[in-house]
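>>> I would like to see how this sequence folds:
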Amino acid sequence: MLAAYSGQDDAYVYGPVCVDASMRGKGILEKLVARMEAALGGRQGILFINAKNVPSLRAHERMGMPRVAEFELGGEVFQVLATSA
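Below is the predicted model:
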């Protein structure tokens, strides 16, 4: 991931995050990300999501995390996203 997109000098790696199916759609991810961003003082977060995981990609993009790169590993394509900083 970092070879595809290294981000800002003080960027941190975010994830993976797993939300139980019974808790999805309740704003858990949004609350987690908000707390994380507040705690890390506006630094940029970098994450990757399997390109097949469309619900996760959509959820992160709804929170304003654009796709900034992609890479392949083990025959799978991964999208790299980043928080704004």
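
>>> what's the following helix or strand after the helix ranked longest in the chain?
Longest helix in the chain by number of residues, with DSSP state H as the criterion: helix 28-39. Downstream of helix 28-39, the next assigned helix or strand under DSSP states H and E is strand 45-50.

>>> mind listing what's buried in that next one?
45, 46, 47, 48, 49 (16 or more other Cβ atoms under 10 Å). The C-beta positions use only the backbone N, C-alpha and C, and glycine is treated the same way.

>>> mind checking pLDDT for the first one?
Yep, that's residue 45 we're talking about. Listed pLDDT for residue 45 reads 93.

>>> with the fourth one instead?
The per-residue pLDDT reported for residue 48 equals 97.

>>> so which residue is smack in the middle of the protein?
Centroid-nearest residue in the chain, with Cα atoms, centre = their mean: residue 47, separated by 3.8 Å.

>>> secondary structure element for residue 59?
For residue 59, the element it lies in under DSSP H and E is helix 54-62.

>>> follow-up on the earlier one: who are the contact partners of the residue nearest to the centre of the chain?
For residue 47, the contact set (Cβ atoms under 8 Å, 6 or more residues apart in numbering) comprises 13, 14, 15, 16, 60, 65, 80, 81, 82.

>>> state the phi and psi torsions of the residue lying closest to the fifth one once chain neighbours are set aside.
The spatially closest residue to residue 60, leaving aside those adjacent along the chain, is residue 81, at 5.3 Å (Cβ to Cβ, 6 or more residues apart in numbering). The phi and psi torsions at residue 81 (degrees, to the nearest 10) take the values phi -120, psi 160.

>>> gap between residue 81 and residue 22?
25 Å (Cβ to Cβ, to the nearest Å).

>>> looking at these two, which is more packed in?
Shown here are residue 81 and residue 22; by other Cβ atoms under 10 Å, residue 81 has more neighbours (25 against 7).

>>> tell me the contacts of that one?
Counted by Cβ under 8 Å, 6+ apart, residue 81 has contacts 46, 47, 48, 49, 57, 60, 61, 65, 66, 67, 68.

>>> pick the one among those closest to residue 40.
Comparing those against residue 40 with Cβ to Cβ picks out residue 46 as the nearest, at 11.9 Å.
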